[in-house]
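K.L.:
pasting the structure only:
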């Protein structure tokens, strides 16, 4: 019979794969938005709050992903829980 930790490692593998794929696809969107945001700031002289918040949420989720995958926490990740809040709010 498998103990609790062994069951957890199999869940981490599944969650790691699913969440990793989502975060990787999200990263491509963040890269495109970051490039767009550079030009937006260059031409308008101000930052776009919603783009910054979206990118910051990805950073927060990536941090949570690595904490989960390295056994620093047992808190499950998106899409297995809510997205939650940003770890640190944007600074505009």
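P.N.:
Perfect, I can see it now. These figures come from a predicted structure and were not determined experimentally.
K.L.:
From here on, just use CA atoms for contacts and neighbour counts.
P.N.:
OK.
K.L.:
tell me which element the residue lying closest to residue 48 once chain neighbours are set aside falls in.
P.N.:
Nearest residue to residue 48, sequence neighbours excluded (CA to CA, 6 or more residues apart in numbering): residue 37, at 7.2 Å. Assignment of secondary structure by DSSP states H and E places residue 37 within helix 4-44.
K.L.:
I'd like the distance between the most centrally placed residue in the chain and residue 4.
P.N.:
By CA atoms, centre = their mean, the chain has its centre lying nearest to residue 61, at 2.3 Å. Taking CA to CA, to the nearest Å as the measure, residue 61 falls 25 Å from residue 4.
K.L.:
how far does the helix holding residue 37 sit from the chain's center?
P.N.:
Centroid separation between helix 4-44 and its chain, computed with CA atoms, centre = their mean, to the nearest Å, is 5 Å.
K.L.:
ok, then the element right after that helix?
P.N.:
Going down the chain from helix 4-44, the next helix or strand is helix 49-69, by DSSP H and E.
K.L.:
list the helices and strands that following helix packs on?
P.N.:
helix 4-44 (3 or more CA pairs under 8 Å, 6 or more residues apart in numbering; DSSP states H and E).
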